[in-house]
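> Next one to model:
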Amino acid sequence: MKGALKLIPIALSALLLLCAGVDRENVLPMYTSSIDLTTDGRVVLANKGTREVVILAKDGQVAQRWALEEPATGVAVAGDKLFVTSSHAKGFLSCISLSDGQVLYRAETAMGACAPVVSLDGEKVYVMNRYRGTVSEVKASTGEVLRSVAVLREPCAAVLSPDGRYLYVNNHFPAQRADVDYVAADVSVIDCQSFERVKDIKLSNGSNALRGIACSPDGRYVFVSHNLGRFQVPTSQLQQGWMNTNAVSVIDTSTQSLVGSISLDEPDRGAGGIWDVKCDGQWLVTSQSGTHDVSIVDYKAMIEKLNAYADKSKLDYDLYFMRGIRVRLPIEGNGPRAMAMRDGKIYLPTYFSDTLNIVDVSAQKVDAVAYNPARVESACDKGERAFNDASLCYQNWQSCNGCHPDDGRTDGMNWDLMNDGIGNPKNCKSMLFSFQTPKNMISGIRDHAGIAVRAGYKFIQFCDVDEPTATNVDEYIRSLEPLPSPYLVDGELSERALQGRKVYEKYGCAECHSGPYYTDMQMHHIGEDVEFEQGWDTPTLREVWRTAPYLFDGRAATMEEVFTVHKHGIEGKISRKDAEALAEFVNSL
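From the prediction side, this is the model:
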């Protein structure tokens with residue numbers, strides 16, 4: 001009946017089936033995070049902004065929707081079953097029957113549950129638990145978690161080899177210290193039979209923000225789309241990919257090793273915000289979220305050119321590699337991210353305009369329809385869109401997201417910014433609470449975050465934005481909220497963290513890290529190599545579990561190293577037990 005709401009009888013009453021055709025006043029942006037297709041070709045979308053999963057009718061309008069308690073983070077269709085991941089303080093996998101719309105189960109995996117992948121036989125679902133740093137193997141019929149395996153850092157996407165033997169997992173960020181010559185994220189390889197991590201494949205230097213992953217139909221190659229940061233040089237210009245480039249890395253599955261990283265940029269035009277990647281054996285397609293287009297690459301020509309390339313160690317600097325084998329095709333809307341590919345077509349929703357693009361790859365033709373036409377953007381929404389828009393950057397090389405991905409956080413890299421001299425790189429900081437905890441930058445050179453926003457556009461993006469846009473970005477950054485720490489147990493400090501709080505008090509950590517944000521907002525001389533006369537700005541410790549590596553130049557890979565190796569704030573000796581407890585407390589904030 002029109003207007004009816006049907007409650008599905010499951011634990012916590014967490015998912016609701018809203019009947020097709022329901023009139024809704026909700027015109028919030030949907031912020032689609034994932035897409036898949038049913039066997040009969042209907043489009044399924046996971047929407048982070050409206051905390052729901054929807055199925056679109058053939059005309060592109062919403063035909064069915066299921067509401068969730070947490071933001072929807074992933075969808076995968078297998079036959080008549082729809083698997084949905086969602087996460088906030090905890091992560092869940094839900095199974096929905098496509099035949100009658102019933103929710104069959106809702107199973108807890110771990111915080112950050114996302115990117116579900118169904119095994120070839122349909123008996124298991126692999127779930128990336130991004131903030132727990134694990135991958136779960138779940139029994140598809142019941143939701144029982146069978147096994148879990150730890151990977152390196154923030155598993156965010158995965159693909160199965162065509163024979164189902166290996167699961168290749170993107171680690172979103174580098175899991176290491178940042179003050180070294182080679183800093184890069186890895187792809188972890190999981191043997192699906194033993195469910196053990198058998199190898200970590202490090203990508204090209206500077207690889208971070210790993211996003212999409214795909215396998216060639218013959219199983220020969222795995223492709224990973226990601227940012228490529230040129231952290232070795234000062235941020236003095238943007239030409240020729242000086243600061244950030246956008247790449248697809250190629251892994252040879254026969255040797256489980258990196259072949260090389262291919263730039264999707266052009267010499268005078270970046271492909272800022274590279275996101276997803278798909279391959280059907282004829283075409284390789286990438287979405288560029290910041291430049292609002294897709295790259296359509298002749299797959300066979302690309303492999304031939306790659307195999308003939310003499311020195312693959314220099315491949316990631318070659319801005320001419322794609323010349324003659326790639327077409328960049330603009331799409332409708334703003335922010336193309338997740339894609340689905342079937343029968344020569346790409347299905348591509350836009351994150352910042354709720355527009356579904358259907359791209360005929362061979363014909364290079366785009367059809368588009370708005371699936372949330374009544375959406376209304378707040379100032380904060382407009383600010384988030386601008387924060388991720390590479391058109392607000394000279395030659396479109398990057399957006400603010402390039403160094404501050406995932407809601408204004410950190411890429412884990414060191415950058416040699418020009419506001420405090422040359423040759424002194426600093427670790428990238430999260431923008432969380434930047435308005436609430438002035439001054440800004442580790443040197444305190446910006447009196448407040450609004451100045452830093454405008455300076456960032458001028459000296460990092462090399463673009464002068466209008467004041468309404470800058471004000472909207474201010475509102476977006478102000479709106480950022482911390483995620484609950486995965487170190488908490490049902491929202492409370494663990495026993496070890498409680499002991500760590502006593503260690504925190506014992507060593508006087510609150511002398512600098514005090515108040516609701518765990519910072520006194522003052523400058524302090526800590527350590528022997530303080531660069532500035534006034535000292536370092538005291539950072540917030542809120543959500544510090546998410547911002548490794550640590551200290552001003554990222555020299556500490558883990559919080560334990562902050563206290564055991566670098567003795568930050570520690571006078572005298574500290575036992576291993578106390579250091580581990582202190583680290584757990586700080587990581588719980």
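> Give me the most central residue, this structure.
Nearest to the geometric centre of the chain sits residue 406, at 5.2 Å (CA atoms, centre = their mean).
> any idea which helix or strand carries that one?
For residue 406, the host element (DSSP states H and E) is helix 405-408.
> Please apply the same query to residue 487.
Judged by DSSP H and E, residue 487 forms part of no helix or strand.
> backbone phi and psi for it, please?
phi -80, psi -10 (degrees, to the nearest 10).
> need the contact list for it.
Residue 487 sits next to 494, 497, 545, 584, 587-588 when contact means CB atoms under 8 Å, 6 or more residues apart in numbering. C-beta here means a position set from N, CA and C on the backbone, and glycine is covered the same way.
> Please apply the same query to residue 385.
Neighbour list for residue 385: 334-335, 352, 377 [criterion: CB under 8 Å, 6+ apart].
> again, only using 7 Å
By CB atoms under 7 Å, 6 or more residues apart in numbering, the contact set of residue 385 is 334, 352.
> How far away from the center of its chain is the helix or strand that it is a member of?
Secondary-structure assignment from DSSP H and E places residue 385 in helix 379-387. In this view, helix 379-387 has its centroid 18 Å away from the chain centroid, taken as CA atoms, centre = their mean, to the nearest Å.
> again with stretch 361-368
27 Å.
> ok, now which ones touch the nearest residue to residue 272 once chain neighbours are set aside?
If you skip the residues right next to it in sequence, residue 272 has residue 390 as its closest partner in space, 2.8 Å away by CB to CB, 6 or more residues apart in numbering. Going by CB under 7 Å, 6+ apart, residue 390 touches 270, 272-273, 290-291, 396-399.
> ok, so of those residues, who is nearest residue 564?
Among the contacts of residue 390, residue 398 lies closest to residue 564 (CB to CB), at 35.9 Å.
> right, and the closest one touches residue 246 too?
No. With contacts counted by CB atoms under 7 Å, residue 398 stays clear of residue 246, the gap being 8.3 Å.
> and those two? which has more neighbours close in?
residue 246 (30 against 27; other CB atoms under 10 Å).
> got a list of what the more buried one touches?
Contacts of residue 246 (CB under 7 Å, 6+ apart): 227-228, 263-265, 270-272, 274, 288.
> Out of those, which two sit at the greatest distance?
So, those by CB to CB: farthest apart are 228 and 288, at 13.7 Å.
> Sketch out the low-pLDDT regions of this structure for me.
Applying pLDDT under 70 to the chain picks out residues 1-26, 529-530.
> Helices of that one, residue ranges please.
Assigned by DSSP state H, the helices in the chain fall at 299-308, 379-387, 405-408, 449-459, 467-479, 495-506, 559-564, 576-587.
> so the second one versus helix 449-459, what angle?
So the one you mean is helix 379-387. Angle, helix 379-387 to helix 449-459, by axes from the mean of the first three to the mean of the last three CA atoms, to 10 degrees: 30 degrees.
> Then the first one?
Here helix 299-308 points in a direction 80 degrees away from that of helix 449-459 (the same axes, to 10 degrees).
> what does helix 299-308 rub up against?
250, 259, 279, 281-284, 321, 325.
> and if you look at the last one?
Applying CB under 7 Å, 6+ apart, the external contacts of helix 576-587 come out as 485, 487, 494, 496-497, 499-501, 503-504, 541, 544-545, 559-560, 563-564.
> residue contacts, the nearest residue to residue 299 once chain neighbours are set aside?
With sequence-adjacent residues excluded and distances taken as CB to CB, 6+ apart, residue 299 is closest to residue 284, at 4.8 Å. For residue 284, the contacting residues are 223, 277, 297, 299, 302, by CB under 7 Å, 6+ apart.
> next one: residue 537
Contacts for residue 537 were tallied using CB under 7 Å, 6+ apart; they are 439, 442-444, 523.
> Please apply the same query to residue 187.
By CB under 7 Å, 6+ apart, residue 187 lies in contact with 168-171, 201, 203, 224, 251.
> now, which of those sits nearest residue 346?
Among the contacts of residue 187, residue 224 lies closest to residue 346 (CB to CB), at 18.1 Å.
> does that closest one really touch residue 214, like I thought?
No. Applying CB under 7 Å, one finds residue 224 not in contact with residue 214, separated by 8.2 Å.
> about what we covered before: with residue 91 as the reference, name the closest of the helices of the chain.
With respect to residue 91, and counting by CB to CB, the nearest of these is helix 405-408 at 15.8 Å.
> for the closest one, packing partners?
Where contact means 3 or more CB pairs under 7 Å, 6 or more residues apart in numbering; DSSP states H and E, helix 405-408 is not packed against any helix or strand.
> buried ones in it?
Going by neighbour count (16 or more other CB atoms under 10 Å), the buried part of helix 405-408 is 405-408.
> roughly how far out does that helix sit from the chain middle?
8 Å.
> Give me the contacts around that helix.
209, 387, 411, 430-432, 477, 480.
> Farthest pair within the residues you listed?
Spanning the widest gap among the contacts of helix 405-408 are 209 and 477, at 18.5 Å by CB to CB.
> Not counting its neighbours along the chain, what's nearest residue 451?
Here the residue nearest residue 451, using CB to CB, 6+ apart, is residue 440, at 7.4 Å.
> One more: residue 384?
Spatial nearest neighbour of residue 384, excluding adjacent residues (CB to CB, 6+ apart): residue 476 at 4.6 Å.
> before we move on, the earlier item: save the contacts of residue 487 as CSV, and put in neighbour count too.
Converted to CSV, these look like this (neighbours: other CB atoms under 10 Å):
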residue, neighbour count
494, 16
497, 23
545, 22
584, 24
587, 22
588, 23
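> From those, pick the one nearest residue 109.
When the contacts of residue 487 are compared for distance to residue 109 (CB to CB), residue 545 wins out at 18.5 Å.
> For that closest one, give me its contacts.
485-487, 587.
> Which one of the residues you listed is nearest to residue 128?
Using CB to CB, the contacts of residue 545 come closest to residue 128 at residue 486, 13.6 Å.
> and that closest one, how far is that from residue 540?
For residue 486, the distance to residue 540 equals 18 Å [CB to CB, to the nearest Å].
> the more surrounded of these two?
Neighbour count, other CB under 10 Å: between residue 486 and residue 540, residue 540 has more, with 23 against 20.
> how many other residues sit next to the residue nearest to residue 384?
Residues contacting residue 476 under the criterion other CB under 10 Å number 25.
> so it makes contact with residue 379?
No. Look at residue 476 against residue 379 with CB under 7 Å: they stay out of range, at 8.1 Å.
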